[in-house]
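Q: Could you look at this predicted model? Sequence included:
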Amino acid sequence: MSRPSTLRRKFGITARRMAVRVHVPWYWRALTFASIGILVAGVGWATYRYGMELAGFRQSESAHELSRLRDELRQRDDAIAEMRREVAASERNLQIERATYGDLERQVKTLSAENAALREDLEFFQSLMAAESKSAALTVNRFRVRRATVPGEYRYRLLLVQTGQRVAEFKGKLQFVLNLEQGDRKYVLTLPPENEKNAQDYELSFKFFHRIQGTFKVSPESVVKSMQVRVFEKGATQPKLTQTVTVS
């Protein structure tokens, strides 16, 4: 009676599950595991090599680009330095040209003024020769005083003339008297100063005419209002003649 029950447990619904496995020899299993290991190692090594090559390529490319940028920057720095040198040279040339132009302009003005003065002298001598008298006389002509471009500096010019027949050589000296103002203060200066009254620049020795011109300086805060010239004959204490001009 117990056999059918036992059969049901072995072959019925309630029987235990069975698994059917193919028997693989051990050397095939070992070969399979070895193949898988070799494949994994190969993939890993290939990946590593690729990564190294890729990294090396990128590193080389970056180094090349960095070198190119450095070279370009160096070239630009050299170009800027060259341009700065050219600008400096141009500025120096421009300054030289301006200085040369300024010198030429001053020379032209000086020559123009001298030509105008000579033209005035020529006209004066022509009129003097036409009206020359027999009696000897000493006169001051063309007395001018002007401010110069330098503060406190003045320029003067005048012409001494002896007229008449049988004119003797005139010997003597000059003296200038300046009337100045500085604010509310008024004062007088003489040229040459008292300690230089025998200065050779103010000595006179001529026969027919003598052109005189020069410059003098005063304090830039002072203003020359008028200037008087005094002509002394040699040995005399009183001037032979005087003339005063207003300074404009």
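A: Thanks, I have the structure now.

Q: residues contacting residue 142?
A: 117, 120-121, 124, 157-159 (Cβ atoms under 8 Å, 6 or more residues apart in numbering). No exception for glycine: its C-beta is placed from N, CA and C like everyone else's.

Q: let's see 7 Å
A: Neighbour list for residue 142: 120, 124, 157-159 [criterion: Cβ atoms under 7 Å, 6 or more residues apart in numbering].

Q: so how far is residue 74 from it?
A: 71 Å (Cβ to Cβ, to the nearest Å).

Q: Could you tell me the average pLDDT over stretch 149-160, please?
A: On average, the pLDDT along stretch 149-160 is 90.

Q: Show me the strands in this protein, by range?
A: 137-147, 153-163, 170-182, 185-191, 203-206, 209-217, 223-233, 241-246 (DSSP state E).

Q: Pairing partners for the fifth one, with directions?
A: So the one you mean is strand 203-206. Strand pairing for strand 203-206, using DSSP bridges, gives strand 170-182 (antiparallel).

Q: average pLDDT for the strand it pairs with?
A: 93.

Q: Mind listing what's buried along that strand?
A: 170, 172-176, 178-180 (16 or more other Cβ atoms under 10 Å).

Q: Stretch 143-153 too?
A: Applying a neighbour-count criterion of 16+ other Cβ under 10 Å, one finds 143-145 buried in stretch 143-153.

Q: again, but for stretch 154-167
A: 154, 156, 158-163.

Q: Could I get those residues in a markdown table, plus columns for distance to residue 219?
A: Shown next, in a markdown table, are those (distance: Cβ to Cβ, whole Å):
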| residue | distance to residue 219 |
| --- | --- |
| 154 | 12 |
| 156 | 18 |
| 158 | 24 |
| 159 | 29 |
| 160 | 29 |
| 161 | 34 |
| 162 | 37 |
| 163 | 39 |
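
Q: Contacts for stretch 144-151 next, please.
A: 154-157, 215, 220, 227, 245, 247.

Q: Out of those residues, the closest to residue 87 would be?
A: Residue 87 has its nearest neighbour among those in residue 220, at 37.6 Å by Cβ to Cβ.

Q: what about the closest one, how many neighbours?
A: By other Cβ atoms under 10 Å, 11 other residues sit near residue 220.

Q: Look up phi and psi at it.
A: Main-chain torsions, residue 220, degrees, to the nearest 10: phi -60, psi -20.

Q: the domain parsing of the protein - what is it?
A: When the chain is parsed with automatic domain parsing, its domains come out as 51-131, 134-246.

Q: Determine which stretch of those is the most buried.
A: Each of the domains of the chain was scored by mean neighbour count; the highest is domain 134-246, a mean of 14, by mean count of other Cβ atoms under 10 Å.

Q: For stretch 96-106, give the mean pLDDT please.
A: In this model, stretch 96-106 has a mean pLDDT of 83.

Q: Could you list the low-pLDDT ranges of this structure?
A: Filtered on pLDDT under 70, the chain yields the residue ranges 1-46, 48-62, 124-136, 165-166, 197-198.

Q: Kindly recompute the last result at 50.
A: Applying pLDDT under 50 to the chain flags residues 1-2, 7.

Q: Can you show me the helices along it?
A: Under the criterion DSSP state H, helices of the chain are mapped to 2-11, 26-130.

Q: ok, back up a step: can you tell me which of the buried residues of stretch 143-153 lies closest to residue 210?
A: residue 143 (13.0 Å).

Q: Just the terminal-to-terminal distance for stretch 226-246.
A: End-to-end distance for stretch 226-246: 4 Å, by Cα to Cα, to the nearest Å.

Q: Outside of that stretch itself, list whatever touches it.
A: 138, 140, 143, 145, 156, 158, 160, 171-179, 247.

Q: one more time with 10 Å
A: 137-141, 143-145, 154, 156, 158, 160, 170-180, 188-191, 202-205, 212, 216, 224-225, 247 (Cβ atoms under 10 Å, 6 or more residues apart in numbering).
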